[in-house]
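J.: Got a predicted structure plus its sequence, pasted below:
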Amino acid sequence: MQKNMTKRLCVIAVLIAMQIVLGRIAAINVGSYLKISFGFIPIAVCGILCGPLWTMLMAAICDILGALLFPSGAFYFGFTLVAIAGGLIYGLFLYNQKENIIRCLLCTLTVALICNILLNTIFLIQIGAMVGPGNEGFWSVMWTRVIKNAVQFPVNGIILFGVWKALKRIPAQLRTF
């Protein structure tokens, strides 16, 4: 049992480092409201390997560490909650499941709708980084976010499916904890 826990923690630590690099350093900011990144991959891998609880914990640690190491404004706990929700979604959709492109697309669509479009928008409005629905600029920014996520979720789903298939090639004794 102790060996498995040590192995799990080591894998999660490596995934945290990968997520911070892919999500913070290698991310492409497109304006103030859009960011393109592959930081979802380590979170999804944790969801596949470890389940929802560990993935939620990992996502929270990634968000807090990323904000401390690479701040881009004041820390706001709402975005940590969004990361936790994303971890929950990846864990629920992917843990103990057979790799399936439809499952990957539904998972990335759910993350895009709930986390990226709904929750992130609410928190951006709350902190004043984005105007609310009563202002004229809201819908132009909102449609930009919706279009970006509509284009990105199938790409992320296909990438996720490829990563999931690659994980299955790793011998079972190396990927179980």
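T.: Nice, I can see it.

J.: now the strands for the protein?
T.: 28-30, 34-36 (DSSP state E).

J.: who wins for proximity to Cys46 among the ones you listed?
T.: Comparing the strands of the chain against Cys46 with CB to CB, the closest turns out to be strand 34-36 (20.4 Å). (Glycine included, C-beta is placed from N, CA and C.)

J.: Can you get me a residue count around Val141?
T.: 18 (other CB atoms under 10 Å).

J.: lowest-confidence stretch among the strands of the chain?
T.: Lowest mean pLDDT within the strands of the chain: strand 34-36, a mean of 72.

J.: So Leu65 versus Cys115, what's the distance?
T.: 19 Å (CB to CB, to the nearest Å).

J.: swap that for Val21, sorry
T.: 20 Å.

J.: which of those two has more neighbours?
T.: Remark: of Val21 and Cys115, Cys115 carries more neighbours, 22 against 15, as counted by other CB under 10 Å.

J.: show me what contacts the residue most central in space within the chain?
T.: Centroid-nearest residue in the chain: Phe40, 3.8 Å away (criterion: CA atoms, centre = their mean). Contacts for Phe40 were tallied using CB atoms under 8 Å, 6 or more residues apart in numbering; they are Gly23, Gly86, Tyr90, Thr108, Val111, Asn156, Leu160.

J.: now do Phe79
T.: Asp63, Ala67, Asn120, Phe123.

J.: What is the burial count for Met5?
T.: 10.

J.: Also Val146?
T.: So Val146, with other CB under 10 Å, has 16 neighbours.

J.: how close does Ala43 get to Gln97?
T.: In this structure residue 43 is Ile, not Ala. Taken as CB to CB, the span from Ile43 to Gln97 is 16 Å.

J.: Between those two, which has more neighbouring residues?
T.: For Ile43 versus Gln97, neighbours defined as other CB under 10 Å are more numerous around Ile43 (26 against 14).

J.: OK, contacts around the more buried one?
T.: Ile43 makes contacts with Leu15, Gln19, Thr55, Met58, Ala59, Cys62, Ala83, Gly86, Gly87, Tyr90, as judged by CB under 8 Å, 6+ apart.

J.: got TSV for those residues, with distance to Arg103 too?
T.: What follows is the contacts of Ile43, written out as TSV (distance: CB to CB, whole Å):
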residue	distance to Arg103
Leu15	20
Gln19	21
Thr55	15
Met58	20
Ala59	19
Cys62	23
Ala83	21
Gly86	16
Gly87	17
Tyr90	11
